[in-house]
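Peer 1: the following block contains a protein sequence and its predicted model.
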Amino acid sequence: LARSSPLKRATDPRRRSKMPLSVAPAQRRCEGRKRALGSCGMGASVACKQLFKQLTPADAQLTGAEGRQSVKERVATAVADFLSEVVRLSKGARMDDAADSGPVGVLFWARSVPGIAIRDYAQRVARYSGCSCPALLIACVLLLRFLRAMAKATAGRFSANPYTVHRIFLACCVLATKVQDDVIEEAEDSKASGGPPSTNAEWGLVGGVSLQEVNRLELAVLHVLDFRVHVTEREFVEVVEMLSRNGFLPADLRP
């Protein structure tokens with residue numbers, strides 16, 4: 001592998017041990033997030049929460065733990081249904097195609113098609129991860145950004161398919177939750193759901209993969225995105241409008 005290969009950087013234990021992954025204390029994760037956001041600052045998290053409330057009709061902004069969980073799982077279902085359509089439109093995938101996905105893309109290939117549908121998987125992540133609705137939508141933005149970058153880097157040989165879509169979704173949810181929910185989190189949401197997983201080991205339990213795999217997937221997405229994880233207000237609005245326009249978002253959650 002080339003010396004600057006993203007896979008070499010992502011899998012080299014000497015480099016991994018020096019990087020502040022989610023197993024580090026919350027303060028270090030917050031500092032890492034500020035560096036990633038650069039001059040945008042941490043106000044983006046507040047903006048996304050407020051923007052989601054502004055875009056969501058009043059009758060859909062339910063209160064209480066059950067109401068918030070219901071909305072969150074429906075948003076997760078909308079994102080999953082969109083991913084299902086992306087998978088449907090992509091070319092048919094075979095296990096032999098994994099070798100053509102590049103050194104980074106191969107990390108996202110499962111040995112066989114997972115037995116759980118992406119819709120059920122997304123609902124599981126929403127139910128047990130404690131991530132917020134804005135974080136799920138930010139994950140959708142990061143996911144699209146990742147797929148575009150990978151398609152360009154591999155000349156179209158890597159795509160979201162039945163073998164890769166679950167891991168792509170999980171990695172983007174991990175990043176989106178750290179950007180959006182790690183520090184700025186409403187107290188009532190925290191009490192209701194226990195807050196988002198504080199370590200990648202907990203994310204592994206939610207997503208059904210090992211700690212080492214969560215670490216590799218997260219770091220691979222970061223390198224592909226060149227550590228640009230900030231989502232602008234325009235991008236956030238565009239993904240909500242895209243999900244609404246194509247009928248993925250339920251009518252009572254559409255702006």
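Peer 2: Perfect, thanks for sending it. Fair warning: this is a prediction, and the values are worked out from it, not measured in the lab. Numbering: from 1, shown residues only.

Peer 1: just for the stretch 51-200 of the chain, where's the confidence low?
Peer 2: Applying pLDDT under 70 to the stretch 51-200 of the chain flags residues 51-69, 91-96, 182-198.

Peer 1: quick one, strands of the stretch 151-255 of the chain?
Peer 2: Secondary structure of the stretch 151-255 of the chain (DSSP state E, counting those that start in this stretch): no strands located.

Peer 1: CA atoms only: put stretch 134-146 into PDB for me.
Peer 2: The C-alpha coordinates for stretch 134-146 follow below in PDB (Å, rounded to 0.1, in the frame of the first residue of the first chain):
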ATOM      1  CA  PRO A 134     -31.200  16.000  13.500                       C
ATOM      2  CA  ALA A 135     -28.300  13.600  13.900                       C
ATOM      3  CA  LEU A 136     -30.000  11.000  11.700                       C
ATOM      4  CA  LEU A 137     -30.500  13.600   9.000                       C
ATOM      5  CA  ILE A 138     -26.900  14.800   9.300                       C
ATOM      6  CA  ALA A 139     -25.900  11.100   8.900                       C
ATOM      7  CA  CYS A 140     -27.800  11.200   5.600                       C
ATOM      8  CA  VAL A 141     -25.900  14.200   4.400                       C
ATOM      9  CA  LEU A 142     -22.600  12.600   5.400                       C
ATOM     10  CA  LEU A 143     -23.600   9.400   3.800                       C
ATOM     11  CA  LEU A 144     -24.300  11.100   0.500                       C
ATOM     12  CA  ARG A 145     -21.100  13.000   0.700                       C
ATOM     13  CA  PHE A 146     -19.200   9.800   1.400                       C
END
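
Peer 1: what residues of that stretch count as buried?
Peer 2: Within stretch 134-146, the residues that count as buried by 16 or more other C-beta atoms under 10 Å are 134-146. Bear in mind the C-beta positions are built from the backbone N, C-alpha and C, glycine included.

Peer 1: include secondary structure and distance to residue 218 when you put the residues you listed into a markdown table, please.
Peer 2: Listed next are these as a markdown table, based on DSSP: H, G, I helix; E, B strand; the rest coil; distance: C-beta to C-beta, whole Å:
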| residue | secondary structure | distance to residue 218 |
| --- | --- | --- |
| 134 | helix | 19 |
| 135 | helix | 14 |
| 136 | helix | 17 |
| 137 | helix | 19 |
| 138 | helix | 15 |
| 139 | helix | 12 |
| 140 | helix | 17 |
| 141 | helix | 16 |
| 142 | helix | 11 |
| 143 | helix | 13 |
| 144 | helix | 17 |
| 145 | helix | 15 |
| 146 | helix | 12 |
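
Peer 1: give the buried residues for stretch 206-225.
Peer 2: Across stretch 206-225, burial judged by 16+ other C-beta under 10 Å covers 206-207, 209, 211, 213-225.

Peer 1: check stretch 114-121 too.
Peer 2: For stretch 114-121, by 16+ other C-beta under 10 Å, it's 114, 118, 119, 121.

Peer 1: grab the nearest non-local neighbour of the first one.
Peer 2: If I follow you right, that is residue 114. In this structure, residue 114 finds its nearest non-sequential neighbour in residue 166, 5.2 Å apart by C-beta to C-beta, 6 or more residues apart in numbering.

Peer 1: residues near that neighbour, how many?
Peer 2: As a burial measure, residue 166 scores 24 neighbours (other C-beta atoms under 10 Å).

Peer 1: looking at it, it is touching residue 115, isn't it?
Peer 2: No - judged on C-beta atoms under 8 Å, residue 166 makes no contact with residue 115 at a distance of 10.4 Å.
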